[in-house]
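> Task: produce atomic coordinates for the following.
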Amino acid sequence: MATLSGPASAADAEMAYLSSYIGNWRGESVLTGGEKPEPFRCRLTIAKGNQSKINYAGRCTLINMNLSVSGTIAFSDEHKRFEAAMSSNAGFSGVAVGVRQGDRISFDLKQRQADRGGNDVRIGSRIILLGNSITVDYEVEFNESGDVLVASVPFSK
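The predicted model follows:
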C-alpha cells in the first residue's frame, strides 16, 4: 500500500524541485562579438503555472533594443523528461527537452530563421538550472556574414 506522505508521481517530485526557482531574478553580462562589447541586463520572473507547470517571463535590455521571452517548463510523466516551451519578441520560438544531471537541468533551444532584412540567422539559448542559480547563454549567428554575438548571463534572486 502506498504511503500518503510521498509525491504521487515523478512529475510531482520534479515540479517540487522546479518550484524552488519561483521568484524574481536579475542578471547582467556583456554581449560580445559585435563592434564593441555591450552591457546586457536581464530580469526574469518565474511563477507557478496551471497544473504541473511553471511559467517564466524575462526581459533583457541592450543599448539599442529589448529582448523579451516567455514560456513554460513542465515535467512529462509520459516521456519522463522536462520540457520547456519559449517564445520571444524577436520571432524566436521553440521547445527543448531538459536534461537532468544530478542537481543540474539544462535546456538547449535552437532555431534558424530570417531576420527583418531577410538574412538567415541561427539563434540559440541554453538555460541552466543549478542549485540556487540560473544561467542563460545566448548566441546569435548571422550566417551571411559569419558574425556571432554571445552573452552568458548569471541570474540571482
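> Please count neighbours and contacts with C-alpha atoms only from this point.
OK.
> hey, where'd the helices end up in this structure?
10-19 (DSSP state H).
> Pull out the buried residues from stretch 98-105.
Within stretch 98-105, the residues that qualify as buried are 98, 105, counting by 16 or more other CA atoms under 10 Å.
> oh, and call the first residue 505 from now on, that's how I've got it
New numbering, starting at 505: the last item is stretch 602-609.
> Let's see it as PDB, backbone CA atoms only.
Only the C-alpha atoms of stretch 602-609 are listed here, as PDB (Å, rounded to 0.1, in the frame of the first residue of the first chain):
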ATOM      1  CA  GLY A 602      15.600  19.400 -20.300                       C
ATOM      2  CA  VAL A 603      18.500  17.100 -19.400                       C
ATOM      3  CA  ARG A 604      19.000  16.400 -15.700                       C
ATOM      4  CA  GLN A 605      22.300  15.500 -14.300                       C
ATOM      5  CA  GLY A 606      22.200  15.500 -10.500                       C
ATOM      6  CA  ASP A 607      21.000  18.900  -9.400                       C
ATOM      7  CA  ARG A 608      21.600  20.500 -12.800                       C
ATOM      8  CA  ILE A 609      18.900  20.800 -15.500                       C
END
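> For the most centrally placed residue in the chain, which residues are in contact?
For the chain, the residue sitting closest to the mean C-alpha position, by CA atoms, centre = their mean, is Ile631 at 4.1 Å. Ile631 makes contact with 610-612, 638-641, according to CA atoms under 8 Å, 6 or more residues apart in numbering.
> Check the gap between it and Met590 for me.
Taking CA to CA, to the nearest Å as the measure, Ile631 falls 11 Å from Met590.
> shared neighbours, these two?
By CA under 8 Å, 6+ apart, no residue touches both Ile631 and Met590.
> follow-up on the earlier one: of the contacts of Ile631, which pair is most distant in space?
Pairwise distances across those peak at 13.7 Å for Asp612 and Ile638 (criterion: CA to CA).
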